[in-house]
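> Okay, sequence plus prediction incoming.
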Amino acid sequence: SLMGKRCWGLADKVTSALKLGWTALVSLDLSDNEIDDEITKHLSFALQCCTNLTSLSLCDNKVSGVGASHLGTALAKFVRLEKLNLTGNRVGPNGARHIAEGLKAAMGVSTRLTHLGLGGGAIGHEGVEALVPVFLPDCRSSP
């Protein structure tokens with residue numbers, strides 16, 4: 001597990017290490033590191049080689065729906081992901097939809113994910129609508 005509390009610039013170093021072949025990573029916490037959409041884009045691309053990743057936390061950063069779309073693409077590769085925490089980011093409903101699409105692509109109709117943190121993410125009803133089928137495929141929400 002790599003904990004990155006208030007180590008600004010750490011995301012760039014982790015991304016570089018991943019691009020050089022550091023693929024054994026199973027848990028990554030880069031919470032509170034000023035990570036924005038551009039950094040999320042590069043990090044998401046680099047993380048795609050970490051197919052054993054079980055936990056990813058990017059809490060309290062600056063990830064919006066744009067960054068969440070990049071992350072959604074990477075999520076399709078994380079077939080073992082159990083914990084995803086984006087609490088404190090403003091991913092919005094569009095970002096929640098991208099995350100849901102990535103999770104569905106990785107795990108089919110059901111998911112191994114047991115923890116999902118999107119508190120303060122402003123996902124709204126639309127975002128919830130996108131995420132519900134990932135976890136409860138037979139559940140249909142009412143209008």
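Arrived safely.

> Confirm for me that A130 is in contact with V91.
No: here A130 does not reach V91: they are 11.1 Å apart, not a contact under CB atoms under 8 Å. Where C-beta positions appear, they are placed from N, C-alpha and C, glycine not excepted.

> any common contacting residues for the two?
Between them, A130 and V91 share these contacting residues under CB atoms under 8 Å, 6 or more residues apart in numbering: I99.

> out of those two, which sits in the busier spot?
For A130 against V91, the residue with the higher neighbour count under other CB atoms under 10 Å is V91, and the figures read 27 against 21.

> which residue sits closest to C59, ignoring its sequence neighbours?
Leaving out its chain neighbours, the residue that sits closest to C59 by CB to CB, 6 or more residues apart in numbering is S31, at 3.9 Å.

> repeat for N94
Nearest residue to N94 in three dimensions, chain neighbours excluded: G65, at 4.0 Å (CB to CB, 6+ apart).

> what sits against the one you found?
90-95, 98.

> Check the burial of the residue nearest to C59 by counting its neighbours.
Neighbours of S31 under the rule other CB under 10 Å: 19.

> Okay, helices next: where are they in this structure?
Along the chain, the stretches classed as helices by DSSP state H are 10-19, 37-47, 65-75, 92-107, 124-135.

> Pick the most deeply packed of those helices.
helix 65-75 (a mean of 24; mean count of other CB atoms under 10 Å).

> That helix versus helix 124-135: what angle between them?
Using axes from the mean of the first three to the mean of the last three CA atoms, to 10 degrees, the interaxial angle of helix 65-75 with respect to helix 124-135 works out to 0 degrees.

> ok, back up a step: where's the residue nearest to N94 relative to H42, distance?
As judged by CB to CB, to the nearest Å, G65 and H42 stand 17 Å apart.
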